[in-house]
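Q: Here is the input, now give the coordinates:
(chains A and B)
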Amino acid sequence: MKIKVIINNQNMELDVAYDEFLADTLRRYGFLSVKKGCDTGSCGLCTVWVDDKPVLSCATLSVRINGKKITTIEGVQKEAKEFAEYLVNEGAEQCGFCSPGFIMTVLAMKRELQNPTVEEITHYLTGNLCRCTGYMGQLRAVKKYLGVV
Amino acid sequence: MLTIKDYVLPKTLEEAYTILNLNKNNAILGGCAFLRLGSKQIETAIDLSDLALKYINEKDNQIEIGAMTTLREIETSPVLQKKFSGILPESVKNVGGVQLRNIVTVGGTVYSRYGFSDLNTALLSLDTDVVLHRKGRISLEEFLEKGAQKDILEKIIIRKTKCQASFKMMRNSAADYAILNVAVSKNDNDWKIAVGARPQRAKIAKEAGKYLAGSKKTNEEIEEAAVIATKELAFGSNTRGSKEYRESICKVLVKRAIMEVI
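A: Residues are numbered from 1 along each chain as shown, chains lettered A, B, ... in the order given. You can find the predicted model right below:
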């Protein structure tokens, strides 16, 4: 089925199978920042925004995004780079495989929560797993980035 | 692997219902997050996205929640954060991460009668009805028990009462499935104790509720009510916990929930 979407502010027409999920579609069309880490909807690596809300693209049927706006990390380069500096400064990055999905959730959280507590931050980020670290570096980076140290 | 041969976006519930019943392998799509983990072979997938079923409406005597409302919308609803001691947002907030809750729907959760569901347990402790397209309005309690034949859940209706309520659950880690969940509500002296993820679907411990209503709610009586609830319900074992473990934590969670409501 042909669907019309706006990906990172660009109009695109995609050809998708009825049982294809968005993570696969996006990767097929070259958005390789979108990772698949678990295949059970648990790891958050495939996080993208659909109409500005963070969703698991591995669990979103592509046909259902017809007419919608998709944002991947390729579409928020400036902000992503800014936050990445904080991650690097805290030594939070190791293999980096979980970073695109994690950063998309952090940027969505920044838009959604005002002045969040540490509890609210960890609750919002629970759906993003990282197998290298213990999350402490990421948490320090997020707190500094949001200015809630 | 989930497969889908055809896909439709009906314009009316009637049309969706007709298509659903054309072939036994036709299916309604909820959020698809759980559906995709299975190997269902769907002939025609029916998407209810165009039927304006995404809402939380507060009316004079009741709150109506449309089938396509997401769990995240329940979690962040100012109305639901205030009503029923906020147990509906409380019950969904540990279901996966924000990105999963932005997908998963009320209709998919309730209609599928998942045993592990946290929301269904919380809803069962309240005065909740489900509205099915063909069968009409029935209580959630009856629906969880009997299910429905190829029907479509349109919305759920929760009667507004001044009840106090509490939701408790036990998980191995945040965002995992619950090992057990408990919701208790008190409306005047009418007590409802619902226990889910036993791992079977949620059920009301009626004897325990009656006992509690007739008691003075001393510490001993509350503990007794928790013991009665654990005795009258059936528990089972799965990878998350044994029957015996569930029985042990049931007593504790029911007691804690009652203490919080009193």
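
Q: Report the buried residues of stretch A:93-104.
A: A:93, A:98-104 (16 or more other Cβ atoms under 10 Å in any protein chain shown). The way it works is simple: take the backbone N, C-alpha and C, and place the C-beta from them, glycine included.

Q: Quick one: end-to-end distance for it.
A: Stretch A:93-104 has an end-to-end distance of 15 Å (Cα to Cα, to the nearest Å).

Q: what distance separates it from the middle of the whole chain?
A: 9 Å (Cα atoms, centre = their mean, to the nearest Å).

Q: Need the contact partners of that stretch.
A: Contact with stretch A:93-104 is made by A:33-35, A:37, A:43-49, A:54, A:71-73, A:76, A:80, A:83-84, A:87, A:125, A:128-133, A:137-138, as judged by Cβ atoms under 8 Å, 6 or more residues apart in numbering or on different chains.

Q: Can you tell me the SS state at the one residue in chain A that gets nearest to chain B?
A: Using Cβ to the nearest Cβ, the closest approach of chain A to chain B is made by residue A:127 at 1.2 Å. Secondary structure for residue A:127, judged by DSSP: H, G, I helix; E, B strand; the rest coil, is coil.

Q: Could you measure from it over to residue A:59?
A: Separation of residue A:127 from residue A:59 (Cβ to Cβ, to the nearest Å) stands at 11 Å.

Q: so what sits against both of these two?
A: Residues touching both residue A:127 and residue A:59 by Cβ under 8 Å, 6+ apart: residue B:100.

Q: And stretch A:2-17, what's buried?
A: Buried positions in stretch A:2-17, judged by neighbour count with 16+ other Cβ under 10 Å: A:3, A:5-8, A:14, A:16-17.

Q: So which of those residues are in strands?
A: Counting by DSSP state E, the part of those found in strands is A:3, A:5-7, A:14.

Q: how does the chain divide into domains?
A: All of this refers to chain A. As given by automatic domain parsing, the domain ranges for chain A are A:2-74, A:76-146.

Q: not quite, I wanted chain B
A: B:3-51, B:56-159, B:164-261.

Q: sorry, back to before: among the domains of chain A, show me which one is buried the most.
A: Of these, the one with the most neighbours on average (mean count of other Cβ atoms under 10 Å in any protein chain shown) is domain A:2-74, at a mean of 20.

Q: Give me the distance between the residue in the stretch 1-150 of chain B that chain A sits nearest to and residue B:103.
A: Nearest to chain A in the stretch 1-150 of chain B, going by Cβ to the nearest Cβ, is residue B:97, at a distance of 1.2 Å. To residue B:103, residue B:97 is 10 Å away according to Cβ to Cβ.

Q: Identify the contacts common to the two.
A: residue A:56.

Q: Okay, buried residues for the longest helix seen in chain B please.
A: Identified as the longest helix of chain B according to DSSP state H is helix B:243-261. Residues of helix B:243-261 classed as buried: B:246-247, B:249-258, B:261 (neighbour count, 16+ other Cβ under 10 Å).

Q: Turn the residues you listed into CSV, columns for distance to residue B:223 and pLDDT.
A: Compiled in CSV, the buried residues of helix B:243-261 are given as follows (distance: Cβ to Cβ, whole Å; pLDDT from 0 to 100):
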residue, distance to residue B:223, pLDDT
B:246, 18, 98
B:247, 14, 98
B:249, 14, 98
B:250, 12, 98
B:251, 8, 98
B:252, 10, 98
B:253, 13, 98
B:254, 9, 98
B:255, 6, 98
B:256, 11, 98
B:257, 13, 98
B:258, 9, 98
B:261, 15, 96
